[in-house]
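J.: let's see this in three dimensions:
(chains A and B)
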Amino acid sequence: MAADSPPIRFELRRGAVTALPLAVAVGLFGVSFGVLSVTTGGMGALPAMVMSATTFAGSAQFAAASILASGGQPIAAVAAALLLNARYLPIGVSVARFLTGGPAARFLKSQLVVDESWAIAAQGKGEFDASRLIGAGIVLWLAWVGGTIIGVVGGEALGDPAALGLDAAFPALFLALMASQLTSSRTVLAAVLGGLIALGLTPFTPPGVPIIAAAAAASIGLARR
Amino acid sequence: MTGIWGVVAAIGVGTMIIKAAGPVVLGDRPLPPRVQSVVALLAPALLAALVATATFGTGQELRVDARVIGVGVAAVALVLRAPVLLVVVLAAAAAAVARLLGVA
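T.: Model prediction:
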């Protein structure tokens, strides 16, 4: 990116502008992460803000906060978050040849890949516009971190989380995130199995363990179609 | 609260490595198909587990309380294609009202 030729700058700006409407949604999502982090006892203010800045992946962060809030072990929160982020492995591979530069530049650019910036950069037929991905990624990162800060500050002023129904906000969020992942009959089957495994294990294992065990449901991907 | 920083660091570093693996190390060599199809199913499986435990779980107990009403309202809102934030606010409001009325 050293020599920003006009087309690159144009695509950067285009990515940023395209991301603006999504940035509003991502920002509000960040607000809810901030609020739940400080009200449900899962995270605390400063860890929530640092996590948004460094992890930049909504569902994994909500999963960690939810597991910690329910009294799960730290290792369970880490495992669940990283299993959820495993989907960024194939996503990273899909954009790999478009992210140019040395290892450090490619590392930094890869951190701006989230579901939304990836979708904005997609040109069809497996082609991606790296400048657009970067423009969108920066706007979305700012929205996510900014939203988290607002949520943390506002959340500390809120009252009893149960009286406000905030304990129902976690499952509602996960339901919305899950719905966006149900793209085939296999994903639906994996979700049903995952839910059943988690419910079945809850009475017998410490909180957090049932969620990690539900990853076993993904092994149906090994079966032939 | 001290363990929390270990969690933040482990998830942060782990996620950075996962995101960078393709662009920095693997290049655009595609993952083996079987790995790809298992990875594609991890998110739906884990998110469903989170829906189940966050709706019914209280420690190691399964309970039916106001959260179920909230999640039910969220499901209806999702079917009606409401934006995520509205879904979450409606769920919280429904659970709060149910508690206020002593229904659950």
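
J.: quick check: chain neighbours aside, which residue is closest to the residue nearest the centre of chain B?
T.: Nearest to the mean C-alpha position of chain B, counting by C-alpha atoms, centre = their mean, stands residue B:47 at 4.5 Å. Closest residue to residue B:47 apart from its sequence neighbours, by C-beta to C-beta, 6 or more residues apart in numbering or on different chains: residue A:178 at 3.8 Å. Any C-beta I mention is one placed from the backbone N, CA and C, and that applies to glycine too.

J.: repeat that for residue A:40.
T.: Distances taken as C-beta to C-beta, 6+ apart place residue A:69 nearest to residue A:40, at 4.2 Å, with adjacent residues excluded.

J.: does chain B have contacts with the helix or strand hosting residue A:137?
T.: Following DSSP states H and E, one finds residue A:137 within helix A:130-155. No. Judged by C-beta under 8 Å from any C-beta of the partner chain, helix A:130-155 and chain B are separated, with a smallest distance of 9.8 Å.

J.: now do the longest helix seen in chain A against helix A:130-155: the angle between them, please.
T.: In chain A, taking DSSP state H as the definition, the longest helix is helix A:6-39. Angle between the axes of helix A:6-39 and helix A:130-155 is 20 degrees (criterion: axes from the mean of the first three to the mean of the last three C-alpha atoms, to 10 degrees).

J.: for helix A:6-39, which helices and strands make contact with it?
T.: helix A:45-55, helix A:58-69, helix A:115-121, helix A:130-155, helix A:169-181, helix B:84-100 (3 or more C-beta pairs under 8 Å, 6 or more residues apart in numbering or on different chains; DSSP states H and E).

J.: can you give me the strands in chain B?
T.: Here chain B has its strands, by DSSP state E, at B:57-58, B:61-62.

J.: I figured residue A:22 hits residue A:137, correct?
T.: No. Judged on C-beta atoms under 8 Å, residue A:22 makes no contact with residue A:137 at a distance of 11.1 Å.

J.: please say which of the two ends up with more neighbours.
T.: Neighbours per residue (other C-beta atoms under 10 Å in any protein chain shown) separate residue A:22 from residue A:137, with residue A:137 holding more: 25 against 19.

J.: can you pull the contacts of the more buried one?
T.: Residue A:137 is in contact with A:15, A:19, A:111, A:112, A:113, A:114, A:117, counting by C-beta atoms under 8 Å, 6 or more residues apart in numbering or on different chains.

J.: what's the closest of these to residue A:152?
T.: The closest of the contacts of residue A:137 to residue A:152 turns out to be residue A:114 (C-beta to C-beta; 20.3 Å).
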